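# How does the following fold in three dimensions:
(3 chains)
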Amino acid sequence: MRDLNDCAQNDEAVGLSDQILTWYDVNARPLPWRVSPAERAGGVAPDPYRIWLSEVMLQQTTVAAVKDYFHRFTARWPTVQDLAAAEDGAVMGEWAGLGYYARARNLLKCARVIANEQAGVFPTTYDGLLKLPGIGPYTAAAISSIAYDLPETVLDGNVERVMARLYNIDAPLPGSKPQLKTLAAALTPDRRPGDYAQAVMDLGATICSPKSPACGICPWRAPCLARSAGTAQALPRKTPKKPKPTRRGFVYLARAANGDWLLERRPDKGLLGGMLGWPGSEWCETAAPEPPFASDWQSLGAEVRHSFTHFHLILQVMVTDLPRQHSPAAGQLRVSVDDFRPSDLPTVMRKAFDLWQGQ
DNA sequence: GAGCCGTGGAT
DNA sequence: TATCCAAGGCT
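Down below sits the predicted model:
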């Protein structure tokens, strides 16, 4: 929440926010969840449900990747009550492929809190939003400003980059985050804060890009200190990351004569939590085979290669026939051909299926 | 605070 | 091929 003792924008800040709002009025990208500046001026208010859903999907995820998921979710669950009433597996399946699956679990938790305890109405304050599962400082500020036009300050990767360049901040992230937040807060206007928030993020996504910023057409080219210093491309600095180790493992695809597959619902916590997957071994430096039942397992020729956030994975794909009488162990389930949709699988598991299908 | 948590596109 | 990185949150 904006501190009570925050001063109002000074004159220079008013000039800067006006410049970028003018740019946004002309250059705002049409997005499925966006109310354009013209629509907003005409009295159209954003739907908090759609803003919330889009913001959760956009966490660490590109606009291009989100669009189709957003359309499918809103078509299938048009309101927060509809989503709250959905089955867990349906939501996890619809999220499959988008990544960071804790978001989907928290999305459902949040929807149920709002539907069951708040009459389907989203909180209208930053502090109220912040209490909800899956809503952190960024998302609470984004919903507050975009949906309710409250002067909260969004600080995402775009805003961090734009502020680091505008003020030529040399200190590396993430340590410099508080300073960047202060700078961003001083620019946040009381007039049209929702459009302003989207304007700065659009600027970061299109013009003030990480690799080669298009400073020549930037609405802030004149005041930008990094541009005059020639440091824009190098900012923001970041503390170096650790290299990713490689892990190996086995997955087991068992298919019955009638087309049934043996799958498992992964536990709610941890990697791919709550998602469907193939039974498999531990994933570690040197994995040992751990078949789900004794059989004549055959190895597929090729391996699945996949990279997660913090390690690379090489999977050996093993296949066999699923006996008619085989009953699934705890956590496992037998899925009929009619119920099995590869699109319900997280990407790494779908890759294993694709490999089986391709040979 | 630092590690964990996906995926795909750009370079 | 390898790295970066994207409208971050949770523990």
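# Residue A:319 versus the closest residue to DNA strand B within chain A, what's the distance?
Per C-beta to the nearest atom of the strand, residue A:99 is where chain A lies closest to DNA strand B, at 2.5 Å. The C-beta positions use only the backbone N, C-alpha and C, and glycine is treated the same way. Counting by C-beta to C-beta, to the nearest Å, the separation of residue A:99 from residue A:319 is 26 Å.
# contacting residues for the residue of chain A closest to DNA strand B?
Each residue near residue A:99 by C-beta atoms under 8 Å, 6 or more residues apart in numbering is listed here: A:60, A:61, A:346, A:347.
# what do you get for residue A:211?
Residue A:211 touches residue A:233, counting by C-beta under 8 Å, 6+ apart.
# How about residue A:195?
A:21, A:24, A:28, A:37, A:40.
# switch to 10 Å and redo it
With contact set as C-beta atoms under 10 Å, 6 or more residues apart in numbering, residue A:195 has these partners: A:17, A:20-21, A:24-25, A:28, A:34-37, A:40-41, A:145-146, A:149, A:189, A:202.
# Now, of those, which are buried?
With neighbours counted using 16 or more other C-beta atoms under 10 Å, those contain these buried positions: A:17, A:20-21, A:24, A:28, A:34-37, A:40, A:145-146, A:149, A:189, A:202.
# when you check those residues against the helices, which ones overlap?
A:17, A:20, A:21, A:24, A:37, A:40, A:145, A:146, A:202 (DSSP state H).
# which non-adjacent residue is nearest the second one?
This points to residue A:20. Distances taken as C-beta to C-beta, 6 or more residues apart in numbering place residue A:199 nearest to residue A:20, at 4.8 Å, with adjacent residues excluded.
# Do the helix or strand hosting that neighbour and DNA strand B come into contact?
Using DSSP states H and E, residue A:199 falls within helix A:193-206. No - if you take C-beta under 7 Å from any atom of the strand as the test, helix A:193-206 misses DNA strand B, and the best it gets is 11.4 Å.
# Buried residues, that helix. List them.
Those would be A:193-205, for helix A:193-206 by 16+ other C-beta under 10 Å.
# for residue A:167, what are its contacts?
A:179, A:180, A:183, A:184, A:223, A:224, A:225, A:226, A:235.
# Could you double-check that the fourth one lies in contact with residue A:204?
No - using C-beta atoms under 10 Å, residue A:184 is not in contact with residue A:204, being 11.3 Å away.
# low-confidence ranges in the stretch 251-359 of chain A?
Judged against pLDDT under 70, the stretch 251-359 of chain A has no low-scoring part.
# ranges for the helices of chain A?
So, for chain A - with DSSP H - the helices run A:11-27, A:37-41, A:48-57, A:63-76, A:80-84, A:88-95, A:102-117, A:126-130, A:137-148, A:157-166, A:177-187, A:193-206, A:225-229, A:347-358.
# Reformat those as a markdown table; add distance to residue A:311.
As requested, these are exported to a markdown table (distance: least, C-beta to C-beta, whole Å):
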| stretch | distance to residue A:311 |
| --- | --- |
| helix A:11-27 | 40 |
| helix A:37-41 | 44 |
| helix A:48-57 | 25 |
| helix A:63-76 | 22 |
| helix A:80-84 | 32 |
| helix A:88-95 | 22 |
| helix A:102-117 | 17 |
| helix A:126-130 | 31 |
| helix A:137-148 | 26 |
| helix A:157-166 | 22 |
| helix A:177-187 | 26 |
| helix A:193-206 | 28 |
| helix A:225-229 | 34 |
| helix A:347-358 | 12 |
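# list residues touching both of residue A:184 and residue A:204?
With contacts defined as C-beta under 10 Å, 6+ apart, the residues shared by residue A:184 and residue A:204 are A:156, A:159, A:160, A:162, A:163.
# what number of residues lie near the second one?
I take that to be residue A:159. 24 (other C-beta atoms under 10 Å).
# now do the first one
By the criterion of other C-beta under 10 Å, residue A:156 has 23 neighbours.
# Quote the end-to-end distance of stretch A:302-312.
For stretch A:302-312, the separation between the terminal residues is 16 Å (C-alpha to C-alpha, to the nearest Å).
# Can you list the buried residues in it?
A:303, A:304, A:306.
# show me the contacts for the residue in the stretch 1-150 of chain A that DNA strand C sits nearest to.
Nearest residue of the stretch 1-150 of chain A to DNA strand C: residue A:136, at 2.5 Å (C-beta to the nearest atom of the strand). Residues near residue A:136 by C-beta under 10 Å, 6+ apart: A:59, A:129, A:130.
# Quick check: closest non-adjacent residue to the last one.
Distances taken as C-beta to C-beta, 6+ apart place residue A:140 nearest to residue A:130, at 4.3 Å, with adjacent residues excluded.
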